[in-house]
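Participant: Fold the stuff below for me.
(2 chains)
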Amino acid sequence: MRHLGDLLSAYLDGETTPAESAQVVEHLQRCRPCRSELDEIHQARSTIRALTLLEPPPGLLPDELGVVVPIRRRRRWMAGMAAAVVVAVVGVATALAPSDAVPISVAQLSDQYGARSAAEPGVTPAKLMVPLPAEEAE
Amino acid sequence: MPDSVPLTWEEVARSYGRRIYNFAYRLTGNRDDAADLTQEVLLRVKRGLPDYQPGSFEGWLWRITRNAFLDDVRRKQRRPTSPLPEEVDRLERAASPSPDEVLASIRLGEDVEEALLKLPIEFREAVVLCDIVGLSYEEIARAVAAPVGTVRSRIHRGRKMMRDLLQ
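Facilitator: As a prediction, this is how the structure comes out:
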């Protein structure tokens, strides 16, 4: 079994195709290392995004109109909450499930990690509960 | 995607200046260098705007910013300057009395800033363009003149490096 690698960051950023998103969701249900990596990458991403945006020093930019285009930030506050929710969901699922099965849906992942993939047409949220095989290969 | 191009460099400065400055700061790790770099970018925009061909304005703009930074790095490698001007800033900040929480949060921010500056440039610029400037992978690919697959890999590896550095 090949691990997700780059796809995890792309998924968090809403940069996966619908087919790749489905692959991510399917894989995450049975691969604990990739679930851990997703959490760690998500934390690193949130930490970087939480860095303070600086105001340029006065006089550096023309300001006669005083117009500054807002910087596109992607729901930073949601990302912080998402990390906690995911830890809770995975924790509860691990405790309750008969084996290592983790219920994960596209919509859930998208909401929790702030990814944009679920908004894409063609991605159908699917609720799945798949028992893990003995252990992830690789 | 429609490409609405600001008509003058002043409009570019007003619309994108803050983002250029923040990108510059996260690349250089230094406010003075970031201000110099922002000025240089706006100068290049001013010179280049008459010849700009409608296409991806953001790709064009961020490529200019990135190239200006790389030129500066090359120039400094040829002529090393005195190190660590940020150190003074940091000491001054640490010396001023602040509540513990504020200090802790500053230190945390500094840890993240320092970690970011330790990333090799190709990873740092990809992560900063994605997570701080807010560009799409496609826009980043245009800015750094690399395939989208490469950008995807750099962002992911950059974040993994950040995770390791902050552990």
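Participant: Show me where chain B dips below the pLDDT cut-off.
Facilitator: B:1-6, B:79-108 (pLDDT under 70).
Participant: Centroid-nearest residue for it?
Facilitator: In chain B, the residue lying closest to the centroid (Cα atoms, centre = their mean) is B:Phe23, at 2.4 Å.
Participant: now that residue, nearest residue through space, not along the chain?
Facilitator: B:Val133 (5.2 Å; Cβ to Cβ, 6 or more residues apart in numbering or on different chains). C-beta here means a position set from N, CA and C on the backbone, and glycine is covered the same way.
Participant: so how far is B:Gln167 from that neighbour?
Facilitator: Separation of B:Val133 from B:Gln167 (Cβ to Cβ, to the nearest Å) stands at 26 Å.
Participant: Which one's more surrounded, those two?
Facilitator: B:Val133 (23 against 8; other Cβ atoms under 10 Å in any protein chain shown).
Participant: By mean pLDDT, point me to the weakest helix or strand of chain A.
Facilitator: helix A:76-96 (a mean of 52; mean pLDDT, DSSP states H and E).
Participant: Phi, psi for A:Leu51 please.
Facilitator: phi -60, psi 140 (degrees, to the nearest 10).
Participant: Contact partners for the closest residue to it other than its chain neighbours?
Facilitator: Sequence neighbours aside, B:Val112 is the residue nearest to A:Leu51 in space, at 5.9 Å (criterion: Cβ to Cβ, 6+ apart). Contact analysis of B:Val112 by Cβ atoms under 8 Å, 6 or more residues apart in numbering or on different chains lists A:Thr47, A:Ile48, A:Ala50, A:Leu51, B:Met162, B:Leu166.
Participant: what sits against the second one?
Facilitator: Think A:Ile48. B:Val112, B:Leu116, B:Val127, B:Val128, B:Asp131, B:Ile132, B:Arg159, B:Met162.
Participant: Show me what the longest helix belonging to chain B packs onto, helices and strands only.
Facilitator: When chain B is parsed with DSSP state H, its longest helix is helix B:57-78. When contacts are defined as 3 or more Cβ pairs under 8 Å, 6 or more residues apart in numbering or on different chains; DSSP states H and E, helix B:57-78 sits against helix B:9-28, helix B:31-48, helix B:121-128, helix B:137-144.
Participant: Can you check what angle separates the longest one from helix B:121-128?
Facilitator: It refers to helix B:9-28. 120 degrees (axes from the mean of the first three to the mean of the last three Cα atoms, to 10 degrees).
Participant: Please state the offset of helix B:9-28 from the chain centre?
Facilitator: Centroid displacement of helix B:9-28 relative to its chain, using Cα atoms, centre = their mean, to the nearest Å, is 9 Å.
Participant: Then stretch B:134-147?
Facilitator: With Cα atoms, centre = their mean, you get 13 Å for stretch B:134-147.
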